[in-house]
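Asks: Structure for the following, please:
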Amino acid sequence: MIVVRSIAIEDVYNDPHKLDPFLGTGESVVMLKEGREVAQLMPILPNSRIGTLETASSGKPDFRACFLGMWGADAFQSQLAVSEDFAQLRSSRVL
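Replies: Below is the predicted model of the structure:
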């Protein structure tokens, strides 16, 4: 059984540090507004690369490494330009 904590969004507005105990333990938190669920905060797993940008040696985000992490090594192997891809999609579109 998965236990999900809940907290009123008004409480978070008043004191954002109320989330610290939940986020520090890696628990999911459901945000409530007037008793209804409006959002859910999910922890990022330590081994997950999605949602994080690795930094290159220059200290700037390495967007290429992040892109390759999400889409794989074949992501840059396309022989078509993006404009050609869109032209093909537009020509096959049925209105």
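Asks: Which parts of the chain are strands?
Replies: Per DSSP state E, the chain carries strands over the ranges 5-8, 29-33, 36-41.
Asks: Now the shortest one: buried residues?
Replies: In this case it means strand 5-8. The neighbour-count check on strand 5-8 (16 or more other CB atoms under 10 Å) flags nothing as buried. Every C-beta, even on glycine, is put in place using the N, C-alpha and C of the backbone.
Asks: What of the second one?
Replies: Buried residues in strand 29-33, counting neighbours by 16+ other CB under 10 Å, are found at 29, 31, 32.
Asks: now, which of these sits nearest residue 66?
Replies: In terms of CB to CB, no member of the buried residues of strand 29-33 lies closer to residue 66 than residue 29, at 25.4 Å.
Asks: ok, now how distant is the closest one from residue 60?
Replies: The spacing between residue 29 and residue 60, counted by CB to CB, to the nearest Å, is 31 Å.
Asks: got any ranges where this protein has weak pLDDT?
Replies: 1-3, 45-58, 75, 95 (pLDDT under 70).
Asks: hmm, 80 instead?
Replies: The model of the chain has pLDDT under 80 over residues 1-4, 22-27, 42-82, 85, 92-95.
Asks: Pop the domain breakdown of it in here.
Replies: With domains defined by automatic domain parsing, the chain comprises 5-41, 46-95.
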